[in-house]
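Student: Give me a 3D structure for the following:
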Amino acid sequence: MSTRSLQMSFGGFAAQPPSDRLFFAVHPDARAAQRIVKLAHSLRAKHGLRGKPIPADRVHVTLHHLGDHAGLPDSLIAMASEAAARVSMSQFEVEFDRVASFSGNGGRKHPCVLRNDAKDANAPLFALHGESGALLRAAGLGRHLQRRFTPHVTLLYGERSVAVEPVEPIAWRVREFGLVHSLLGRSEHRVLGRWELSP
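Tutor: Predicted coordinates:
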């Protein structure tokens, strides 16, 4: 038996597959969330897509990914939460007014998303991303972060790409952001913490 086969035959050597994803996100209010889901159903029918629309309780704008993990990393959650508590920003409005697909990754389906490509659109959202990112990096969590930020709400995953098209704007007031625990493979999100922005 080879050394590698021998190692794999003992427990504890094989890495556990990721089961938990952590990310910071902004969620729409209930009215905007319902409008987003309605739009997803409309696009699904219009373009003959088979993917299921993301349900209202899971639609969001991702601010920062904090990685995929085998189990919840308590120390990372504590450090990220402490950094989030130091964010100092006022509430603001966001608006999204067009849909399009992002490119699929290999065999993955194309995410069809709601976004806003206008110059200076959603500047306060970029500011929240920047400030929270700086605080997370200062806390030693920079290895988890991506500097590129393209604000969007994923509507569904389609087997083919949808070209850019305008839609009736969907807007809401951002009053808080949250740390989300996604249970991979179970289509379930749990909000571990919420941080309110100043009125």
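Student: So what sits opposite the most centrally placed residue in the chain in the bridge?
Tutor: In the chain, the centroid-proximal residue (Cα atoms, centre = their mean) is Thr62; its distance is 3.0 Å. With DSSP bridges applied, Thr62 shows beta-bridge pairing to Ala25.
Student: thinking it is in contact with Leu22, fair?
Tutor: No. Using Cβ atoms under 8 Å, Thr62 makes no contact with Leu22, being 10.9 Å away. (Glycine included, C-beta is placed from N, CA and C.)
Student: List the contacts of the residue nearest to the centre of the chain.
Tutor: Applying Cβ atoms under 8 Å, 6 or more residues apart in numbering to Thr62 gives the contacts 23-25.
Student: Buried members of those into PyMOL, please.
Tutor: In PyMOL, this line selects whichever of the contacts of Thr62 come out buried by 16 or more other Cβ atoms under 10 Å:
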select buried, resi 23+24+25
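Student: In a markdown table: the contacts of Thr62, plus pLDDT and distance to Ala78.
Tutor: Below are the contacts of Thr62 laid out as a markdown table (pLDDT from 0 to 100; distance: Cβ to Cβ, whole Å):
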| residue | pLDDT | distance to Ala78 |
| --- | --- | --- |
| Phe23 | 97 | 16 |
| Phe24 | 98 | 14 |
| Ala25 | 98 | 19 |
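Student: Can you tell me which of the contacts of Thr62 is closest to Gly140?
Tutor: Nearest to Gly140, judged by Cβ to Cβ, of those is Phe24 at 16.0 Å.
Student: which residues touch that closest one?
Tutor: Phe24 sits in contact with 62-64, 66, 80, 84, 132, 177-180, where contact means Cβ under 8 Å, 6+ apart.
Student: So which other helices or strands are in contact with the lengthiest helix in the chain?
Tutor: Across the chain, the longest stretch assigned as helix under DSSP state H is helix 30-47. The contact analysis (3 or more Cβ pairs under 8 Å, 6 or more residues apart in numbering; DSSP states H and E) places helix 30-47 against strand 110-115, strand 153-158, strand 165-174.
Student: Would you mind giving those strands as a markdown table with distance to Arg35, mean neighbour count and mean pLDDT added?
Tutor: Below are the helices and strands packed on helix 30-47 laid out as a markdown table (distance: least, Cβ to Cβ, whole Å; neighbours: other Cβ atoms under 10 Å; pLDDT from 0 to 100):
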| stretch | distance to Arg35 | mean neighbour count | mean pLDDT |
| --- | --- | --- | --- |
| strand 110-115 | 10 | 22 | 94 |
| strand 153-158 | 11 | 22 | 94 |
| strand 165-174 | 5 | 14 | 97 |
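Student: Helix, strand, or coil at Leu76?
Tutor: Under DSSP: H, G, I helix; E, B strand; the rest coil, the three-state class of Leu76 is helix.
Student: Nearest spatial neighbour of it, chain-adjacent residues omitted?
Tutor: Residue nearest to Leu76 in three dimensions, not counting chain neighbours: Leu66, with 6.5 Å by Cβ to Cβ, 6 or more residues apart in numbering.
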